[in-house]
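>>> fold the following and give me the result.
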Amino acid sequence: MSFRTANSSKKTAAGIGLISSMSLLDTGAFAENRYFDVFTEYAKASAEDILIKITAINRGPDEADLSLLPTIWFRTHGPGA
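Residues are numbered from 1 along each chain as shown. You can find the predicted model right below:
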């Protein structure tokens with residue numbers, strides 16, 4: 001199945017070949033307005049405490065299950081990092 005639309009091909013800056021450009025809307029992910037808005041807010045309570053609030057809103061007309069797996073990435077700051 002191709003998601004290519006009439007306006008989805010663009011020439012590269014050098015004019016060499018075509019780049020296929022696809023929009024998220026082209027995938028049908030928002031068909032029938034069945035999707036979730038997920039908002040993530042971060043705050044620091046102290047130098048060593050991070051608070052995270054995740055809010056998920058079902059935008060679809062029916063109840064639906066949603067599984068979330070929060071992931072946190074840490075960077076090392078210091079000598080040799």
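
>>> what distance do you get for the residue nearest the centre of the chain to residue 55?
Centroid check for the chain by Cα atoms, centre = their mean gives residue 38 as the closest residue, at 9.4 Å. Separation of residue 38 from residue 55 (Cβ to Cβ, to the nearest Å) stands at 7 Å. All C-beta spots, glycine's among them, are computed from the backbone N, C-alpha and C.

>>> got it, and residue 61?
Residue 61 is 20 Å from residue 55, where distance means Cβ to Cβ.

>>> my guess is residue 41 contacts residue 50. True?
No. If you go by Cβ atoms under 8 Å, residue 41 and residue 50 don't touch, sitting 11.1 Å apart.

>>> how about the contacts made by residue 56?
For residue 56, the contacting residues are 36-39, 66, 68, by Cβ atoms under 8 Å, 6 or more residues apart in numbering.

>>> go on, residue 64?
34, 36, 58 are the contacts of residue 64 under Cβ under 8 Å, 6+ apart.

>>> let's see it at 10 Å
By Cβ atoms under 10 Å, 6 or more residues apart in numbering, the contact set of residue 64 is 34-36, 58.

>>> and residue 51, by the same measure?
Contacts of residue 51 by Cβ under 10 Å, 6+ apart are 41-45.
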